[in-house]
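Q: fold the following and give me the result.
(one chain, ligands or ions: 1)
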Amino acid sequence: MTVAAILADKGHDTVTASESDTIAAVCRRLAEYKIGAVVIAGADGALSGILSERDIVRACAAHGAEALHSTAGQLMTRAVVTVTPDDTIATVMERMTAGRFRHLPVIKDGKLAGVISIGDVVKHRIAQAEQEAAEMRTYIASA
Ligand code: AMP
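A: Just a heads-up that it's a prediction; the model follows:
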């Protein structure tokens, strides 16, 4: 299974924020869309970073409520690891495990084409396991 297959199922919509957005605004966006990270995009739509709830929790632990007045650009991770639509789920799992993060922006032809979260990976692994079990039951019943 590929990243493209997951995106075909969940869609290509990506929730973004700007470097100048406050953390309070990013929190509202995370809550509104029920997600754990936003991709930070520049004026040209190009990827400039990623900001997850973990970055916000760390900043709140260090600075208290003052952290809400920081900007996304101050807290985001700039060295973003990405995948392409042709990458496999195995590659996605390897990159998430190696980087210890749960979100991977998808880049196609140099442009943002979606985001894969660890929840998407788990959902597809479960569906795959259920399908394999059903095929096995059918095979055993027909033997
Ligand atoms: P997460 O597990 O996705 O909530 O993110 C944990 C930490 O990794 C945070 O500091 C994020 O900014 C960072 N992070 C999340 N996704 C990526 C990614 N694809 N590439 C690089 N850093 C990331």
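Q: grab the nearest non-local neighbour of Ala37.
A: Spatial nearest neighbour of Ala37, chain neighbours left out: Ser52 (3.8 Å); criterion: CB to CB, 6 or more residues apart in numbering. No exception for glycine: its C-beta is placed from N, CA and C like everyone else's.
Q: flag every residue of this protein that's near the ligand.
A: Residues of the chain lying near the ligand by CB under 6 Å from any ligand atom: 36-37, 50-55, 77, 80-81, 99, 101-104.
Q: filter those residues down to the ones in helices?
A: Within these, residues falling in helices by DSSP state H are Glu53, Arg54, Asp55, Gly99.
Q: can you tell me the closest non-neighbouring residue to the residue nearest the centre of the chain?
A: Nearest residue to the geometric centre of the chain (CA atoms, centre = their mean): His103, 2.9 Å. Residue nearest to His103 in three dimensions, not counting chain neighbours: Ala37, with 4.3 Å by CB to CB, 6+ apart.
Q: low-confidence stretches in this protein?
A: Along the chain, segments meeting pLDDT under 70 are nowhere present.
Q: so where do the helices sit in it?
A: 3-10, 23-33, 53-63, 72-75, 89-99, 118-142.
Q: isn't Ile89 right next to Val83, touching?
A: No. Using CB atoms under 8 Å as the test, Ile89 is too far from Val83 to be in contact (9.9 Å).
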